[in-house]
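Trainee: compute the structure for the input listed below.
(one chain, ligands or ions: 2)
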Amino acid sequence: MRYLVTGGAGFIGSNTVDELVRRGHSVTVLDDLSAGKEANLAGVRERITFIQGTITDREAIEKACRGADYVLHLAARTSVPRSVKQPLETNQINVDGTLNVLVAARDAGVRRVVFASSSSVYGDTPTLPKHEGMPPAPISPYGVSKLVGELYGGVFHRTYGLDFVALRYFNVFGPRQDPGSPYSGVLSLFITAMRDGGQPSVFGDGEQSRDFTFIQNVVIANLQACETPGIAGRVVNLGTGGRYTLNYTLRLLEEFAGRPAKPKYDAPREGDIRDSQADISLATQTFGYKPHVNFEEGLRRTWDWYCSQH
Ligand code: NAD
Ligand code: UD1
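Mentor: Residues are numbered from 1 along each chain as shown. Ligands and ions are numbered 1, 2, ... in the order given. The predicted model follows:
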C-alpha cells in the first residue's frame with residue numbers, strides 16, 4: 001500500500017514511517033522540518049520519498065496525495081502553551097492546513113485519512129477516565145484546533161464520502177521526541193535534565209497526571225486504524241488507560257539515574273489541564289487495540305535511548 005505521512009519527520013511520524021517501511025509499504029513524507037528532522041528518517045531515507053513542504057501550501061499537499069492509498073495526517077503545531085502565545089499560527093497550520101489535507105485527500109480519492117487528534121479536546125473535565133461520549137470542551141487554542149480538525153473530517157466523511165478516522169492521542173512519549181525546546185513534551189525534558197545533571201522544572205505541584213503512552217503502542221494503533229475496514233467516521237481515544245503524576249515519573253527517573261532529581265517547582269502553566277486518563281475500550285472494540293508496552297517499561301526504554309544518544 002502507498003502511505004502519505006504528513007509530519008513524518010517528527011517524533012510520532014518517523015517512528016510510524018519506520019514500521020510502515022519494515023512492513024514493505026511505500027511511503028511518502030511531507031514535512032516542513034519546522035520541528036521534525038531529516039535525521040529521524042536516516043534509517044529509511046533511501047526507501048521513502050521525502051518532500052520538504054508545508055500543508056499550508058495547497059499545491060504541495062495535492063502533489064503529495066497523488067497516488068496515496070492512506071494518509072496519516074500528523075503534521076501540526078503540537079504545543080499547548082505555544083498555542084496560547086500564538087493562536088493564529090496554531091490555527092493556520094492545524095486548522096487551515098488540515099482542511100487542505102482533507103480537500104487534497106478527497107480529490108485524490110484516497111482510501112482513508114487517519115488524523116492525529118488529541119486528548120486536549122476534552123479540556124479540564126473532572127470525569128475520569130475520559131471517554132468519547134463526553135462533550136468536548138477544549139481550554140487551549142491547540143485543543144480547539146484539534147477539535148476543528150475532527151469536525152472537518154466528520155463533515156468530509158458525511159458530505160463527500162471521505163473515509164476519515166480520528167485518534168485522540170494521550171501524551172505520547174519515547175525515542176526521538178525532541179527535547180530541544182521549552183515547548184517539548186515533559187518526559188523528554190525531565191529525562192534529558194536528569195541525564196545531563198540538571199534540575200527538572202515542574203510547573204505546579206507535580207501532582208497533575210497524564211496517561212503517558214509509549215510510542216510503540218501508538219505506531220501499532222496508527223496502522224490498525226488505517227487497515228481495519230468499516231470504521232469510517234470514528235473518533236477514538238488512544239492511551240494506556242492509566243494515569244501517572246509528574247512526581248511519580250520523577251521517582252522512577254531517580255531510580256534509573258541512581259540519584260535524586262531535586263526538581264524545581266514553578267507556577268502552573270497557562271492552558272494546562274490537571275488530570276488526563278483515557279478510556280481505551282472503544283479503541284479495543286474498534287480495531288483491537290491493546291497497549292503492549294506499559295508506562296514503566298516505556299519510560300525505562302526511553303531513558304535508555306536518551307542515554308545512548310548522549
Ligand atoms: P512533532 O513536532 O515531532 O511532529 C510534528 C511534525 O509536523 C514535525 O516533523 C514538524 O516539522 C511537522 N510540521 C509542523 N508544521 C508543519 C507544516 N505546516 N507542514 C508540514 N509539516 C509540518 O510532534 P509529534 O509529537 O510527533 O506529534 C504528531 C501529531 O500528533 C501532531 O498532530 C500532534 O498534535 C499530535 N499529538 C501528539 C501528542 C503527543 O503527546 N506527542 C499527543 C496528542 C496529539
Ligand atoms: C501533550 C502534547 C500535545 C498533546 C497532548 C495530548 C507535546 C509537546 N504536547 O500536551 O501535543 O495533544 O499532550 O495529551 O507533545 N510540564 C512541566 N515541566 C516541563 C514541561 C511540562 O511540569 O518542563 C508539565 C506541564 O505544565 C503539564 C505536563 O507537564 O502539566 C504535561 O505537559 P506537556 O508535556 O507539554 O504535555 P501536554 O500539555 O499535556
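
Trainee: what's the helix ranked longest in the chain packed up against?
Mentor: Of all the elements of type helix in the chain, the one with the most residues (DSSP state H) is helix 141-160. Using 3 or more CB pairs under 8 Å, 6 or more residues apart in numbering; DSSP states H and E as the contact criterion, the elements in contact with helix 141-160 are helix 80-85, helix 87-91, helix 97-108, strand 112-118, strand 164-169. Any C-beta I mention is one placed from the backbone N, CA and C, and that applies to glycine too.

Trainee: what's the weakest-modelled helix or strand in the protein?
Mentor: helix 80-85 (a mean of 94; mean pLDDT, DSSP states H and E).

Trainee: how close does the closest residue to residue 275 other than its chain neighbours sit to ligand 1?
Mentor: Nearest non-adjacent residue to residue 275, counting by CB to CB, 6 or more residues apart in numbering: residue 209, 4.7 Å away. Noted for residue 209: a distance of 14 Å to ligand 1, by CB to the nearest ligand atom, to the nearest Å.

Trainee: what's the answer for residue 241, then?
Mentor: Going from residue 241 to ligand 1 by CB to the nearest ligand atom gives 16 Å.

Trainee: so that residue: helix, strand or coil?
Mentor: Assigned with DSSP: H, G, I helix; E, B strand; the rest coil, residue 241 falls in the coil class.

Trainee: is it in contact with residue 280, as I believe?
Mentor: Yes - using CB atoms under 8 Å, residue 241 is in contact with residue 280, at 4.7 Å.

Trainee: who's more crowded, these two?
Mentor: Remark: of residue 241 and residue 280, residue 280 carries more neighbours, 25 against 17, as counted by other CB atoms under 10 Å.

Trainee: which positions in the stretch 1-150 of the chain make contact with ligand 2?
Mentor: Contact residues, the stretch 1-150 of the chain versus ligand 2 (CB under 6 Å from any ligand atom): 78, 79, 80, 118, 119, 120.

Trainee: doesn't residue 130 make contact with the fifth one?
Mentor: Yes - using CB under 8 Å as the test, residue 119 is close enough to residue 130 to be in contact (6.5 Å).

Trainee: joint contacts of these two?
Mentor: Residues touching both residue 119 and residue 130 (CB atoms under 8 Å, 6 or more residues apart in numbering): 237, 276, 278.

Trainee: quick check: phi and psi on the last one?
Mentor: Meaning residue 278. According to degrees, to the nearest 10, the main-chain angles of residue 278 amount to phi -100, psi 140.

Trainee: stretch 248-255 vs ligand 2: in contact?
Mentor: No - Stretch 248-255 lies out of reach of ligand 2 by CB under 6 Å from any ligand atom, never closer than 9.2 Å.

Trainee: average pLDDT for that stretch?
Mentor: Confidence for stretch 248-255, expressed as mean pLDDT, is 98.

Trainee: same thing with stretch 99-113?
Mentor: On average, stretch 99-113 scores 98.

Trainee: so how far is it from its chain's centroid?
Mentor: Centroid separation for stretch 99-113 versus its chain: 20 Å, with CA atoms, centre = their mean, to the nearest Å.

Trainee: out of the residues of the stretch 1-150 of the chain next to ligand 2, what pair is the most spread apart?
Mentor: The most widely separated members of those, counting by CB to CB, are 79 and 119 (14.5 Å).

Trainee: in the stretch 1-150 of the chain, which residue sits closest to ligand 2?
Mentor: residue 118 (3.1 Å; CB to the nearest ligand atom).

Trainee: for that residue, what are its contacts?
Mentor: 142, 143, 146, 168, 169.

Trainee: for residue 237, see how far away the closest residue to the first one other than its chain neighbours is.
Mentor: Counting by CB to CB, 6+ apart, residue 83 is the residue found nearest to residue 142 once chain neighbours are left out, at 3.6 Å. From residue 83 across to residue 237, the span is 21 Å (CB to CB, to the nearest Å).

Trainee: next one: residue 18
Mentor: With CB to CB as the criterion, residue 18 and residue 237 are 24 Å apart.

Trainee: looking at these two, which is more packed in?
Mentor: Set residue 18 next to residue 237 and count neighbours by other CB under 10 Å: residue 237 wins out with 25 against 18.
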